[in-house]
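K.L.:
Generate a structure from the sequence data that follows.
(one chain, ligands or ions: 2)
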Amino acid sequence: MSHVKLQDVTKRFGKVIAVNRLNIEIPRGECFSMLGPSGCGKTTTLRMIAGFEDLDEGEITVGEKLFSSSFKKYYLPPEKRDFGMVFQAFAVWPHLTVFNNVAFPLQIRKLSKAEVAERTLRAITYTGLAGSEKTYPNELSGGQKQRIALARAIAINPTVMLLDEPLSNLDPKLREEMRFEIKDLQRKFGFTIIYVTHDQSEAMALSDRILVMSDGRVQQIDTPLNIYQRPANQFVFGFIGLSNFLPVELEDGAVWIEGMKSAGPVNTPLPPLAKGRRMTLATRPSEIDFVHAGGVRGIVKRLTYLGDIIDYRVLIGDVMVRVQKNRKREIFRQGEPCGLIFNKVLWYEREP
Ligand SMILES: Nc1ncnc2c1ncn2[C@@H]1O[C@H](COP(=O)(O)OP(=O)(O)O)[C@@H](O)[C@H]1O
Ligand SMILES: [Mg+2]
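P.N.:
Residues are numbered from 1 along each chain as shown. Ligands and ions are numbered 1, 2, ... in the order given. The predicted structure is shown next:
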């Protein structure tokens with residue numbers, strides 16, 4: 001059964017449709033990410049789930065309970081939703097110690113002193129802050145401040161955690177470590193996570209499923225692997241991982257880079273169900289091989305060493321193709337002619 005359910009949720013700001021008929025069902029205990037470029041509606045969606053923002057249309061339920069409904073004109077205030085929340089900015093109170101920062105939401109819930117202390121210390125321990133109870137936030141690093149926010153969120157024993165780009169202000173190494181810590185916390189406490197990010201590798205590493213969003217709309221909801229290997233459309237293909245989109249024409253039973261018949265045919269069968277003569281061939285730089293003879297003929301324009309991988313730019317006519325190969329393979333030099341073999345491709349329709 002789904003834990004968090006959004007039905008036809010829509011939000012407008014004046015003429016901007018920030019979130020457009022969004023339907024999501026998240027099972028209990030899932031780590032669900034919302035991924036998309038800046039301005040695509042991720043934060044607005046999270047704020048509607050949290051109750052900071054009303055809906056123009058649609059309904060949100062959590063478990064059996066109605067949280068927001070435009071039809072029934074119902075709206076449960078945020079403080080009654082009992083979500084744990086962590087945002088991008090380090091939202092800690094500078095004048096309170098770590099202990100009091102974490103304890104505060106419990107204190108306003110009027111729990112007994114003993115219970116506040118127990119839950120606070122447990123959250124502090126689980127987030128790796130033990131020993132800093134009496135410290136003030138400005139004596140701590142960004143990562144530690146974000147741990148305070150995490151501890152505060154889990155201290156209330158939430159069944160749902162809402163995280164909005166919680167690691168974006170941390171340096172890359174710490175960001176990677178904290179991903180695992182968040183996963184561990186989820187395993188220990190069993191809450192459902194709704195995680196907003198514009199960082200694809202973060203979404204890939206953390207999530208059971210990812211919602212890829214653009215312009216307020218769902219592009220795809222799927223597992224990280226399927227999002228990468230079977231992108232639903234060209235937007236998703238281009239947003240996740242590295243990509244080449246090559247204009248091709250279909251003629252004489254073969255595929256050619258558009259306007260470049262002299263470069264030779266592409267080594268793929270004709271796309272199934274092609275509507276027109278022109279298509280877009282989509283392929284990842286790692287799915288292309290070099291050959292000396294045959295293939296689509298091009299010239300190596302540039303190569304860049306990226307650790308173990310070499311990143312090539314190969315020019316075919318006026319089309320630049322990106323290829324990535326392991327450094328241990330044979331290296332093609334700048335200016336050298338080469339052939340390209342495409343191992344794995346997807347096809348997209350092209351506007352006439
Ligand atoms: N309070 C607001 N008033 C007006 N427009 C807003 C407001 N909040 C968000 N928007 C607009 O809604 C769209 C989605 O924003 P947001 O949800 O913040 O995107 P994201 O979190 O994916 O970057 C953007 O076009 C943004 O400018
Ligand atoms: Mg945002």
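
K.L.:
Other residues contacting the helix or strand harbouring residue 301?
P.N.:
Residue 301 is part of strand 296-306 when elements are defined by DSSP states H and E. Contact partners of strand 296-306, identified using Cβ atoms under 8 Å, 6 or more residues apart in numbering, comprise 257, 260, 262-267, 310-316, 320-321, 324, 327, 331-340, 342. Glycine gets a C-beta too; all of them are placed from N, C-alpha and C.

K.L.:
what comes up buried for it?
P.N.:
Residues of strand 296-306 classed as buried by neighbour count (16 or more other Cβ atoms under 10 Å): 296-298, 300, 303.

K.L.:
if we can go back for a sec, please produce a ChimeraX select command covering the buried subset of the contacts of strand 296-306.
P.N.:
Buried residues among these (16+ other Cβ under 10 Å), as a ChimeraX selection:
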select :257,260,263,264,265,266,267,310,312,313,314,316,321,324,332,338,339,340,342
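
K.L.:
low-scoring pLDDT stretches of the stretch 201-350 of the chain, where are they?
P.N.:
For the stretch 201-350 of the chain, no stretch is flagged by pLDDT under 70.

K.L.:
where exactly do the strands run in it?
P.N.:
Assigned strands in the stretch 201-350 of the chain, in chain order: 209-214, 217-222, 244-251, 254-257, 278-283, 288-291, 296-306, 309-316, 319-326, 337-342, 346-349 (criterion: DSSP state E, counting those that start in this stretch).

K.L.:
now those strands in CSV, with distance to residue 40?
P.N.:
CSV is the format used below for the strands of the stretch 201-350 of the chain (distance: least, Cβ to Cβ, whole Å):
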stretch, distance to residue 40
strand 209-214, 5
strand 217-222, 8
strand 244-251, 20
strand 254-257, 32
strand 278-283, 21
strand 288-291, 30
strand 296-306, 28
strand 309-316, 28
strand 319-326, 25
strand 337-342, 30
strand 346-349, 20
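
K.L.:
so which of these comes closest to residue 72?
P.N.:
strand 217-222 (23.9 Å; Cβ to Cβ).

K.L.:
What is that closest one packed up against?
P.N.:
Packing partners of strand 217-222 (3 or more Cβ pairs under 8 Å, 6 or more residues apart in numbering; DSSP states H and E): strand 16-27, strand 209-214, helix 234-239.

K.L.:
Spell out which helix or strand contains the closest residue in space to residue 143 that isn't next to it in sequence, please.
P.N.:
Spatial nearest neighbour of residue 143, excluding adjacent residues (Cβ to Cβ, 6 or more residues apart in numbering): residue 174 at 4.7 Å. Taking DSSP H and E as the definition, residue 174 sits inside helix 172-189.

K.L.:
Check which element follows that helix along the chain.
P.N.:
strand 192-197.

K.L.:
Say whether ligand 1 is contacted by that next one.
P.N.:
No: contact of strand 192-197 with ligand 1 is not found when judged by Cβ under 6 Å from any ligand atom; the minimum separation is 6.5 Å.

K.L.:
With stretch 35-47 instead?
P.N.:
Yes: judged by Cβ under 6 Å from any ligand atom, stretch 35-47 and ligand 1 are in contact via 36, 38-44.

K.L.:
Now which of the residues you listed would you call buried?
P.N.:
The neighbour count (16+ other Cβ under 10 Å) marks 36, 40-44 as buried among these.

K.L.:
Show the contacting residues for residue 147.
P.N.:
Taking Cβ under 8 Å, 6+ apart, one finds 127-129 in contact with residue 147.

K.L.:
do residue 249 as well
P.N.:
255-256, 258-259, 277-279.

K.L.:
where does the stretch 51-200 of the chain dip in pLDDT?
P.N.:
90.

K.L.:
And the residue of it closest to ligand 1?
P.N.:
Closest contact between the stretch 51-200 of the chain and ligand 1, by Cβ to the nearest ligand atom, is at residue 196 (6.5 Å).

K.L.:
which parts of the stretch 1-150 of the chain sit against ligand 1?
P.N.:
13, 16, 18, 36, 38-44.

K.L.:
again, only this time at 8 Å
P.N.:
By Cβ under 8 Å from any ligand atom, the residues of the stretch 1-150 of the chain that approach ligand 1 are 11, 13-14, 16, 18-19, 34, 36-47.

K.L.:
Among these, name the ones in strands.
P.N.:
Using DSSP state E, the members of those that fall within strands are 11, 13, 16, 18-19, 34.

K.L.:
is it possible to export those to CSV including neighbour count?
P.N.:
Putting these into CSV (neighbours: other Cβ atoms under 10 Å) gives the following:
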residue, neighbour count
11, 22
13, 11
16, 13
18, 22
19, 29
34, 26
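
K.L.:
Throw those residues into TSV and include distance to residue 64, thanks.
P.N.:
Listed next are those as TSV, based on distance: Cβ to Cβ, whole Å:
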residue	distance to residue 64
11	24
13	31
16	33
18	28
19	24
34	24
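
K.L.:
And these, which is closest to residue 212?
P.N.:
The closest of these, once distances to residue 212 are taken by Cβ to Cβ, is residue 34, at 8.4 Å.

K.L.:
per-residue confidence at that closest one?
P.N.:
In this model, residue 34 is scored at 98, pLDDT.

K.L.:
Contact partners for it?
P.N.:
With contact set as Cβ under 8 Å, 6+ apart, residue 34 has these partners: 42, 45-46, 194-197, 210-211, 213.
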